[in-house]
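Enquirer: predicted model, plus sequence, below.
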Amino acid sequence: MIPVSEPLLDEQALSNLQEAVRTGWISSEGRFIREFERRWAEYCGVSHGIAVCNGTVALELAMAALALPVGSEVILPSFTIISCAAAVLRTGCRPVLVDCEPETWCLDVAEVRRKITDKTRAIMPVHMYGHMADMGPLIELQREFGLAIVEDAAEAHGAEYQGRRAGGLGTMGCFSFYANKIVTTGEGGMVVTDDAKLAEHARNLRNLCFRRDQRFLHTELGYNFRMTNLQAAIGLAQVERIDDHLVRKRRMAAHYRERLREINGLRLPVERPSVKNVYWMYGIVLEDSIPINAATLGARLREQGVDSRPFFLGMHEQPVLRELGLFADETYPVTERLARRGLYLPSGLGLSEAEIDRVCLAVKRCLV
Ligand SMILES: Cc1ncc(COP(=O)(O)O)c(C=O)c1O
């Protein structure tokens with residue numbers, strides 16, 4: 001089976017880990033944490049990095065650090081992972097959805113403007129599968145309406161918008177370092193920001209809001225969202241390889257494009273002129289001319305030894321959110337289509353061109 005993803009770990013990661021074990025720095029203090037935070041923030045072009053235990057809590061921590069009034073509205077795409085809506089809800093805010101663009105699969109910025117009300121306090125763009133959302137107009141809306149932007153850059157490490165890296169354009173940027181991400185720590189995440197006050201608040205919230213003057217006196221309720229030095233040991237070795245990882249992802253995408261573009265009825269990932277797409281996962285969408293849906297294609301690919309994953313199911317179609325009384329009667333046609341017609345193909349960092357050829361042949365066979 002050609003897996004959908006696999007990490008690429010090196011000797012440096014192993015030797016960093018050995019150092020952490022040998023020196024006993026295995027919890028959330030240690031040089032790798034500090035160094036990883038510094039290097040990742042610098043890579044994103046901002047001053048502060050707050051490492052946490054996964055990408056889901058990175059979003060929650062960013063939302064908590066903003067400390068928005070209860071009932072504030074946060075605009076986010078319907079097409080995303082549940083982590084985004086969960087972060088908004090768990091911090092007492094209300095998720096307001098917008099549909100996504102059929103080409104980039106990122107939130108539709110024109111619709112964001114239409115959804116702004118006097119309760120809107122933040123926008124949470126999600127950079128889908130390696131392509132960045134249209135940040136320029138979002139930053140204009142941010143200025144016009146005094147909003148915060150929490151970028152979800154979990155899937156877009158190293159992606160660029162007009163030369164600026166994902167995560168570094170918003171008020172805060174959030175990352176996941178899960179094993180399938182371009183930079184991994186196994187499980188892990190980070191919030192990055194240029195705002196010193198927000199960084200300080202996020203740092204405190206991450207660590208139970210222990211006070212410096214009297215450790216066990218608490219004046220705010222925090223979380224234990226800490227990353228371990230063991231995770232950061234791997235992360236630091238990974239940051240050093242990111243340029244190589246990005247070259248691999250872009251080469252993989254070019255090869256897929258070359259092989260798949262001759263198949264009628266497939267919509268392939270795009271790269272807008274203002275964006276550098278890092279093709280975290282190579283997604284394809286079946287057009288109407290293809291008689292099967294993505295689930296059937298996925299099952300057929302599996303029979304041929306090729307793994308794949310369906311695209312996200314929209315937030316407005318999630319029973320757990322509908323039961324909260326959210327999104328009643330709302331429809332987001334692009335999201336609904338992507339959820340049924342989209343899937344991503346093997347995109348691991350170690351994928352060879354011969355394997356991509358095999359995947360493409362399998363896709364062709366499944367569709368004829
Ligand atoms: C867009 C997006 N946001 C957030 C997350 C959550 O990250 P984690 O799995 O590290 O909690 C993911 C996970 O893959 C993701 O794809």
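Expert: Structure's in. What do you need? Numbers count the residues shown, from 1 in each chain.
Enquirer: relative to the ligand, how far out is the closest residue to residue 289 other than its chain neighbours?
Expert: The spatial neighbour of residue 289 that comes closest, neighbours along the chain excluded (Cβ to Cβ, 6 or more residues apart in numbering), is residue 265 at 4.3 Å. For glycine as for every other residue, the C-beta is placed from the backbone atoms N, C-alpha and C. Here residue 265 is placed at a distance of 27 Å from the ligand (Cβ to the nearest ligand atom, to the nearest Å).
Enquirer: and residue 203, by the same measure?
Expert: Distance of residue 203 to the ligand, computed by Cβ to the nearest ligand atom: 19 Å.
Enquirer: now do the closest residue to residue 343 other than its chain neighbours against residue 54, distance only.
Expert: The shortest distance from residue 343 to any non-neighbouring residue, by Cβ to Cβ, 6+ apart, is to residue 294 (4.3 Å). When distances are taken as Cβ to Cβ, to the nearest Å, residue 294 and residue 54 turn out to be 27 Å apart.
Enquirer: count the residues that sit near the residue lying closest to residue 195 once chain neighbours are set aside.
Expert: If you skip the residues right next to it in sequence, residue 195 has residue 171 as its closest partner in space, 6.5 Å away by Cβ to Cβ, 6+ apart. Residue 171 is flanked by 19 other residues according to other Cβ atoms under 10 Å.
Enquirer: before we move on, back to that, you'd agree the residue nearest to residue 343 is up against residue 310?
Expert: Yes - the pair residue 294 / residue 310 is scored as a contact, 5.4 Å apart, by Cβ atoms under 8 Å.
Enquirer: which of those two has more neighbours?
Expert: More neighbours sit around residue 294 than around the other of residue 294 and residue 310, counting by other Cβ under 10 Å; the figures are 23 against 17.
Enquirer: what's the more buried one in contact with, if anything?
Expert: With contacts taken as Cβ atoms under 8 Å, 6 or more residues apart in numbering, residue 294 has the following neighbours: 285-286, 310-311, 340-343.
Enquirer: quick check, pLDDT for it.
Expert: Predicted confidence (pLDDT) for residue 294: 98.
Enquirer: now it: how far from residue 307?
Expert: Between residue 294 and residue 307 the distance is 14 Å, computed by Cβ to Cβ.
Enquirer: and for residue 19?
Expert: If you measure residue 19 against residue 307 using Cβ to Cβ, the figure is 35 Å.
Enquirer: intersection of neighbour lists for residue 294 and residue 310?
Expert: A shared contact of residue 294 and residue 310, defined by Cβ under 8 Å, 6+ apart, is any residue touching both; here these are 342-343.
Enquirer: excluding chain neighbours, what is closest to residue 181?
Expert: What sits nearest to residue 181 in space, not counting adjacent residues and going by Cβ to Cβ, 6+ apart, is residue 157, at 6.4 Å.
Enquirer: mind telling me what element that neighbour is part of?
Expert: Here residue 157, judged by DSSP states H and E, is contained in no helix and no strand.
Enquirer: then residue 150?
Expert: Taking DSSP H and E as the definition, one finds residue 150 inside strand 148-152.
Enquirer: packing partners of that strand?
Expert: Taking 3 or more Cβ pairs under 8 Å, 6 or more residues apart in numbering; DSSP states H and E as the contact definition, the neighbouring helices and strands of strand 148-152 are helix 55-66, strand 120-123, helix 135-145, strand 172-176.
Enquirer: give me whichever of these is most buried.
Expert: Mean neighbour counts were compared across the helices and strands packed on strand 148-152 using mean count of other Cβ atoms under 10 Å; the top stretch is strand 172-176, at a mean of 30.
Enquirer: that strand: what's the following helix or strand?
Expert: Downstream of strand 172-176 (by DSSP H and E), the next one is strand 189-193.
Enquirer: strands paired with that next one, and their directions?
Expert: Strands adjacent to strand 189-193 in the sheet, as given by DSSP bridges, are strand 48-52 (antiparallel), strand 172-176 (antiparallel).
Enquirer: quick one: which of those strands is nearest residue 29?
Expert: Proximity of the strands paired with strand 189-193 to residue 29 was assessed by Cβ to Cβ; the nearest stretch is strand 48-52, lying at 11.8 Å.
Enquirer: OK, contacts around the nearest residue to residue 365 once chain neighbours are set aside?
Expert: Using Cβ to Cβ, 6+ apart and skipping the chain neighbours, the partner closest in space to residue 365 is residue 304 (6.8 Å). Counting by Cβ under 8 Å, 6+ apart, residue 304 makes contact with 362, 365-366.
Enquirer: residue 182 too?
Expert: Taking Cβ under 8 Å, 6+ apart as the criterion, residue 182 is in contact with 157-158, 242, 245-246, 249, 278, 280, 349.
Enquirer: now, the residues you listed that are in helices?
Expert: When those are checked against helices (DSSP state H), the matches are 242, 245-246, 249.
Enquirer: and these as CSV, adding distance to residue 329 and pLDDT?
Expert: Written out in CSV, the entries for the ones in helices among the contacts of residue 182 read as follows (distance: Cβ to Cβ, whole Å; pLDDT from 0 to 100):
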residue, distance to residue 329, pLDDT
242, 44, 98
245, 43, 98
246, 42, 98
249, 39, 98
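Enquirer: neighbour-wise, which of these leads?
Expert: Counting neighbours by other Cβ under 10 Å, the top entry in the ones in helices among the contacts of residue 182 is residue 249, with 25 neighbours.
Enquirer: does stretch 214-224 reach the ligand?
Expert: No - contact of stretch 214-224 with the ligand (Cβ under 6 Å from any ligand atom) is absent, the minimum separation being 14.0 Å.
Enquirer: done for today, thanks.
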